[in-house]
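Visitor: Below are the sequence and a predicted model for it; my questions follow.
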Amino acid sequence: MNTATGTLDAAQVWSWLGDVPDPEIPVISVVDLGIVRAVEVTGSDACVVTITPTYSGCPAMQVIADAVTDALREHGVEHVTLVNQLSPAWTTDWMSDEGKAKLKGYGIAPPQQQVIDISGLKGGVKRVAMPKLEVICPHCGSNHTQLTSQFGSTPCKALYKCIDCREPFDYFKCH
Amino acid sequence: MDDKITYLLRLGDNALILSQQLSQLCGKGPALEEDMALTNVALDLLGQTRLWFSYAAELENAGRDEDDIAFMRDAHDFRNCLLVEQPNGNYADTMMRQFFFDTWHYFQLLELTKAADPRIVEVAQKSIKEVTYHLRRSGDLIVRLGDGTAESHQKTQAAADALWMYTGEMFQYDAVDSAMVAAGIAPPSELLRAAFLEHVAEIFAEATLVVPAPDAWMQKGGKQGTHTEHLGFILAEMQFLQRAYPGAEW
């Protein structure tokens, strides 16, 4: 184990964290999701991990914090300090390409590379000024899809349906 | 009490009470998608409540945390506006209350992202992304209900007329609000009110609804702790466990 020889480095910690699954979408890791913002090694068995919540009310944050601590302890990092950081606010732009590919394989359409436009209501822009997105059906690959609801089974997902294969599916919405 | 702490409690109490009201509809939404949307919004608001209360508790430094603030205060200590404690009613009532609140909330947070307090800026930047989705949804539903059937139109107009008198309070500034404007934190009320009225007018026009008179008589008192009878019942349910079993943890 690295810690025994005193060679703990940040890259190693990042790689261990890459194996910590998101509790609600276990196919992707907390690193893929962009929840882990920084890792700082502070000793041979100590590090500081900075995490940020996806949504302010995300009920998974405590589970994620515990999972990160447990995973690092298993690798001999006894002293894990977690820092909860709010700013800059989490965005789906931080999701890794690998994470997006895994989401798609899991049956969830990955977010398009556009953060939510919070100014979409000002300056005469109408309420329906949602960015025009081409959401691809994760089941059949069709781009002939339709929004059912902006709010889905978890805060981070919207409900869509595919016009071609008729299957409903989750879309990981831009944020 | 420090003006900033009071201001933070007002922001947190608005989010908390509306969240609790929406939570009561869990499993009772008119359609599955609506049920999920109501509880998603409730969850976002609850998360935002925690962020405001945590900051208030730190500034206060009196040994209480965000849970104590939520569960151990009585009605007269709550600083939410009267709008959010109005009953869920029918779905037009629920959505009109939501639309009026979301519109104010959106513009309020947009201005708070420029506040002269980094912590408030952080919370506002986090929250407004969520609230943008809230406002898009509630505006969309007001249009669907207002420009829907004769019955939905009538109920939606009735909801607007009944709730209108609770919208003035959000723009009626007292000494606390004025101190926050002077401190570079709160936006001027005229700016907020103009943005609110403009957005309501735009959505109502599309919804074929009539905007009630902006200078109509308005209720007030919630921000100072004088509430309608509804708040006591909301708190009785929300605070039951923590009152009956003090210090309970899980």
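Guide: Yes, it's here. Numbers count the residues shown, from 1 in each chain, chains lettered A, B, ... in the order given.

Visitor: in chain A, which helix or strand is least confident?
Guide: helix A:2-5 (a mean of 48; mean pLDDT, DSSP states H and E).

Visitor: after that one comes which helix or strand?
Guide: For helix A:2-5, the succeeding helix or strand toward the C-terminus, using DSSP states H and E, is helix A:10-17.

Visitor: Leaving out the residues flanking it, which one is nearest to the closest residue to chain A within chain B?
Guide: Chain A sits closest to residue B:47 of chain B, with a gap of 2.6 Å, by Cβ to the nearest Cβ. C-beta: built from backbone N, CA, C; applies to glycine. Spatial nearest neighbour of residue B:47, excluding adjacent residues (Cβ to Cβ, 6 or more residues apart in numbering or on different chains): residue A:57 at 2.6 Å.

Visitor: tell me the contacts of the one you found?
Guide: Residue A:57 makes contact with A:155, B:43, B:44, B:45, B:46, B:47, B:48, B:50, according to Cβ atoms under 8 Å, 6 or more residues apart in numbering or on different chains.

Visitor: please redo it, this time with the cut-off set to 10 Å
Guide: Taking Cβ atoms under 10 Å, 6 or more residues apart in numbering or on different chains, we find residue A:57 in contact with A:155, B:15, B:19, B:40-51, B:130.

Visitor: Can you classify it by secondary structure?
Guide: coil (DSSP: H, G, I helix; E, B strand; the rest coil).

Visitor: Distance of it relative to residue B:103?
Guide: Look at residue A:57 and residue B:103: by Cβ to Cβ, to the nearest Å, they are 21 Å apart.

Visitor: Also residue B:169?
Guide: 14 Å.

Visitor: likewise residue B:33?
Guide: Relative to residue B:103, and taking Cβ to Cβ, residue B:33 is found at 22 Å.

Visitor: Next: residue B:30.
Guide: Using Cβ to Cβ, residue B:30 is found at 22 Å from residue B:103.

Visitor: same thing with residue A:29?
Guide: Residue A:29 is 38 Å from residue B:103, where distance means Cβ to Cβ.

Visitor: Those two: who's more crowded?
Guide: Taking neighbours as other Cβ atoms under 10 Å in any protein chain shown, residue A:29 and residue B:103 compare with residue B:103 leading, 27 against 20.

Visitor: The more buried one and residue B:171 touch, don't they?
Guide: No. Using Cβ atoms under 10 Å, residue B:103 is not in contact with residue B:171, being 11.7 Å away.

Visitor: my hunch is that residue A:160 is in a strand, does that hold up?
Guide: Yes. According to three-state DSSP, residue A:160 belongs to a strand.

Visitor: burial measure for it, as a count.
Guide: Neighbourhood size, residue A:160 [other Cβ under 10 Å]: 23.

Visitor: Pairing partners for it in the sheet, please.
Guide: On the basis of DSSP bridges, residue A:160 is bridged to residue A:147, residue A:169.

Visitor: Which residue is the nearest non-sequential neighbour of residue B:26?
Guide: residue B:39 (5.1 Å).

Visitor: Show me what counts as buried in the helix or strand hosting that neighbour.
Guide: If you go by DSSP H and E, residue B:39 is part of helix B:32-60. Judged by neighbour count (16 or more other Cβ atoms under 10 Å in any protein chain shown), helix B:32-60 contains these buried residues: B:34-57, B:60.

Visitor: quick revisit: can you pull the residues that touch both of residue B:103 and residue B:171?
Guide: B:192, B:196, B:197.

Visitor: after the helix ranked longest in chain A, next one along is what?
Guide: Ordering each helix of chain A by length in residues (DSSP state H) puts helix A:61-74 first. Sequence order places strand A:79-84 as the next helix or strand after helix A:61-74, per DSSP H and E.

Visitor: helices and strands around the next helix or strand after that next one, which ones?
Guide: Next along the chain after strand A:79-84, taking DSSP H and E as the criterion, comes helix A:97-106. Using 3 or more Cβ pairs under 10 Å, 6 or more residues apart in numbering or on different chains; DSSP states H and E as the contact test, the elements touching helix A:97-106 are strand A:108-109, strand A:168-172.

Visitor: now those strands in JSON lines, with mean pLDDT and mean neighbour count?
Guide: As requested, those are exported to JSON lines (pLDDT from 0 to 100; neighbours: other Cβ atoms under 10 Å in any protein chain shown):
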{"stretch": "strand A:108-109", "mean pLDDT": "94", "mean neighbour count": "22"}
{"stretch": "strand A:168-172", "mean pLDDT": "93", "mean neighbour count": "21"}
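
Visitor: mind listing the strands for chain B?
Guide: Read by DSSP state E, chain B holds no strands at all.

Visitor: Could you tell me how many residues sit around residue A:11?
Guide: 9.
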